[in-house]
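1. 3D, please:
(chains A and B)
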Amino acid sequence: MSRGGGHVGALRSFLKKVAQFVIVLATTLLGLVAVTFFIGRVVPIDPVIAIVGDRAPAHVYERVRQELGLDRPLIEQFVIYVKKAATGDFGNSVLTTNPVMTDIINVFPATLELATLGTIIGVIVGIPLGVLAAVKRGSLLDQFVRVLGLVGYSVPIFWLGLMGLLLFYAKLGWVAGPGRIDVTYSYLYTPVTGIVLLDTAMQGQWDAFWDAVSHVLLPACLLGYFSLAYISRMTRSFMLNELAQEYVIAARVKGLSELRVIWRHALRNAAVPLITVIALSYANLLEGSVLTETVFAWPGLGQYITNSLQNADMNAVLGGTLVIGTVFVLLNLVSDLLYRLLDPRTR
Amino acid sequence: MTKPLLDVEDLRVRFHLRTGTVEAVRGVTLQLGRERLGIVGESGSGKSQTGRAILGLTPPPGEVTAKRLAFDGIDLLTASKRTLRTLRGGRISMVMQDPKYSLNPVMTIGEQIIEAYQAHAKAGRGEARDKALAMLEAVKMRDPARVFSLYPHEVSGGMGQRAMIAMMLVTDPDLLIADEPTSALDVTVSMEVLRILDELVTERGMGLIFISHDLKLVSSFCDRVLVMYAGRVVEELEAKNLREAKHPYTQGLMRCLPTLADDVRPLPTLNRDPAWAL
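-> Got it, this is the predicted structure:
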């Protein structure tokens, strides 16, 4: 009897969720804009000097200052900035002279590619390792996972990256060196998504595709390693918690195979808190890992923001920060949805 | 009674811990046909570990030894893991204490019953579903089809426990171990659950081991009662002869029960004799 009403109700609650999400996104971003904007104005950086240099005559300096709108009251500047930002206009980058949005559209796919591959590796390897470590607690495998995790936490990533390059690129020649793709191939395809692997594959440029794979392999494995170090530790502890629950004993009483008890009963419950862990680790990687990007000459978001910051390019820093903020909020939403999917108690 | 369904002699369960070895069960001997056996004892007396040991589910680092531990002629100590798994759930089953924890929170009740059935019967999805629905009806669910698609957190404690019974009896086992099946329920609901359990056990001619700390309940529900104390069986009696208990521990427990006829205030407390635990 409640079927028909159920659909309408479901639609209404869905729309309510969407509205809620839009409000959350808007307020979060507004807060973020406010904080970064005012920090940007408070720091002792003169954006005018960043453009005209410190030897410019006073009238040039004054004109640029007016063009940038810096002579107006701070609040007015902020309102103008927010209005423009709402349309996707973050101003121009001093460093590249392009609109900041264009720059970000250029660099973000590189980070997205690397972070996604790293997270996939972290999940595919990290979760089974964590589960096995929990099941065989105290065994050699458990110790191995522990050491793996410890090394992942404590070894500086740039050192591991350099050593990886030294071994697999310079000595063994198994992978390609820094950069995203060899110059030879870089004109064989037209960037559409900005994700080299996708672009080359979609355009059937398989030589270029495999070259891109051999470029991305090492940095992706490196990020994957750091993410799996974290994910496997957390999986282990969530699984230990689940394996001690009564329903696991009940599943064994039913005569289910150990495989089913562990992977279907216990892991499905452990997956609920794991979602948050994975989303956070993915978000961290999406922020751009400056060190990895630097070592591998990977033109990503991390490098872009760091360079901008070092060159007092406030427009670029603000724009980059907002993009990262949006990514965080979106990932939060996705993990929220997955939560609902996996745990009936939260529906 | 020719051959007992369950034959246990000198069962011991030890836990080797860093601080030393704890012996939770110290030489339990019992035989069971298709009857109801109650095991009473306070917490830590080893009654639950006795049940778990029979199922081969003693948690690590526990170690189980026995002169004999046989179910229907099958030696449980030397049986392969595979054999044990077919016995578990298929022929020996267990109802646990609190449905809030013993049902998997992320699977529907129906799924969990189907899974129990399909682990032992070669049955298609449709047949398993019919069987599960019939079982939900057998435990007196008012709307089996609805309960089938509910998650454990969506049902009350009494319904959850009845779902648990449905799940554990769907394979028609020969022996059911009920480990404090009503301790987490309130009194009225607990009576209802017991009545259903009683009916199903009688109807299907199962053997039952009823583990409880409630002496009164056990004596009204079972044919025979074992009283455990500190890992040993200190007394074995016919349920109707409970008043003739000889062991001072059982006598002490009996005295602590309030009666309507002569109002003793305050109720006597149990004075433990350290010699009982030897």
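2. pull the residues that contact the helix or strand that contains B:Gly38.
-> Using DSSP states H and E, B:Gly38 sits within strand B:36-40. By CB atoms under 8 Å, 6 or more residues apart in numbering or on different chains, the residues outside strand B:36-40 that reach it are B:30, B:47, B:50-51, B:201, B:207-215, B:218-219, B:221-228, B:239, B:253. The C-beta positions use only the backbone N, C-alpha and C, and glycine is treated the same way.
3. give me the distance from stretch A:103-115 to the chain's centre.
-> The chain centroid and the centroid of stretch A:103-115 are separated by 10 Å under CA atoms, centre = their mean, to the nearest Å.
4. in that stretch, what counts as buried?
-> A:Asp103, A:Ile104, A:Asn106, A:Val107, A:Phe108, A:Pro109, A:Ala110, A:Thr111, A:Leu112, A:Glu113, A:Leu114, A:Ala115 (16 or more other CB atoms under 10 Å in any protein chain shown).
5. from the contact counts, what lies against the helix or strand hosting the second one?
-> When elements are defined using DSSP H and E, A:Ile104 is found to belong to helix A:100-135. Helix A:100-135 is packed against helix A:140-154, helix A:196-202, helix A:206-243, helix A:267-286, helix A:290-295, helix A:301-310, helix A:314-342, with contacts defined by 3 or more CB pairs under 8 Å, 6 or more residues apart in numbering or on different chains; DSSP states H and E.
6. the next helix or strand after the first one - contacts with which helices or strands?
-> Next along the chain after helix A:140-154, taking DSSP H and E as the criterion, comes helix A:157-164. Here helix A:157-164 touches helix A:206-243, helix A:290-295, going by 3+ CB pairs under 8 Å, 6+ apart.
7. A:Tyr169 contacts A:Leu218, correct?
-> Yes: contact criterion CB atoms under 8 Å: A:Tyr169 and A:Leu218 qualify, at 7.1 Å.
8. more neighbours: these two, which one.
-> Neighbour comparison, A:Tyr169 and A:Leu218: the larger count goes to A:Leu218, with 23 against 18 (by other CB atoms under 10 Å in any protein chain shown).
9. contact residues of chain B facing chain A?
-> Within chain B, the positions near chain A by CB under 8 Å from any CB of the partner chain are B:55, B:57, B:85-90, B:93-94, B:96-98, B:101-108, B:115-116, B:119-120, B:151, B:153-154, B:164, B:167-168.
10. in strands, which of those fall?
-> Counted as lying in strands by DSSP state E, out of the residues of chain B next to chain A, are B:Ser93, B:Met94.
11. what sits against the closest residue to chain B within the stretch 201-347 of chain A?
-> Closest contact between the stretch 201-347 of chain A and chain B, by CB to the nearest CB, is at A:Gly255 (3.0 Å). By CB under 8 Å, 6+ apart, A:Gly255 lies in contact with B:Arg85, B:Thr86, B:Leu87, B:Arg88, B:Gly89, B:Gly90, B:Ala116, B:Ala119, B:His120.
12. try B:Arg146
-> B:Arg146 neighbours (CB under 8 Å, 6+ apart): none.
13. in the stretch 1-150 of chain B, which residue sits nearest chain A?
-> B:Gly89 (3.0 Å).
14. skipping its backbone neighbours, what lies nearest that residue in space?
-> Nearest residue to B:Gly89, sequence neighbours excluded (CB to CB, 6 or more residues apart in numbering or on different chains): A:Gly255, at 3.0 Å.
15. the one you found sits in which helix or strand?
-> Per DSSP H and E: A:Gly255 is located in neither a helix nor a strand.
16. got the domain ranges for the chain?
-> Going with chain A. Domains of chain A are assigned by automatic domain parsing as A:25-86, A:100-346.
17. was after chain B, sorry
-> Split by automatic domain parsing, chain B gives B:6-91+B:175-277, B:102-170.
18. related to what we said a few turns ago, select only the buried ones of the residues of chain B next to chain A in PyMOL?
-> Only the buried entries of the residues of chain B next to chain A go into this PyMOL selection, using 16+ other CB under 10 Å:
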select buried, chain B and resi 55+57+85+87+88+89+90+93+94+96+97+98+101+102+103+104+105+106+107+108+115+116+119+120+151+154+164+167+168
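19. next structured bit after whichever strand or helix holds A:Val64?
-> Assigned by DSSP H and E, A:Val64 falls within helix A:58-67. Counting by DSSP H and E, the next helix or strand C-terminal to helix A:58-67 is helix A:74-86.
20. what sits up against that next one?
-> A:30, A:33-34, A:37-38, A:41, A:69-70, A:72, A:90-91, A:318, A:322.
21. any idea where the helices of chain B begin and end?
-> For chain B, the helices defined by DSSP state H cover B:47-55, B:81-87, B:99-102, B:109-118, B:125-138, B:144-148, B:157-169, B:187-204, B:215-221, B:248-255.
22. contact residues of chain A facing chain B?
-> Near chain B, when you scan chain A using CB under 8 Å from any CB, you find A:245-247, A:249-257, A:265, A:268-269, A:272, A:342-345.
23. switch to 10 Å and redo it
-> For chain A, the residues in contact with chain B (CB under 10 Å from any CB of the partner chain) are A:137-138, A:242-258, A:260, A:264-266, A:268-269, A:271-272, A:342-345, A:347.
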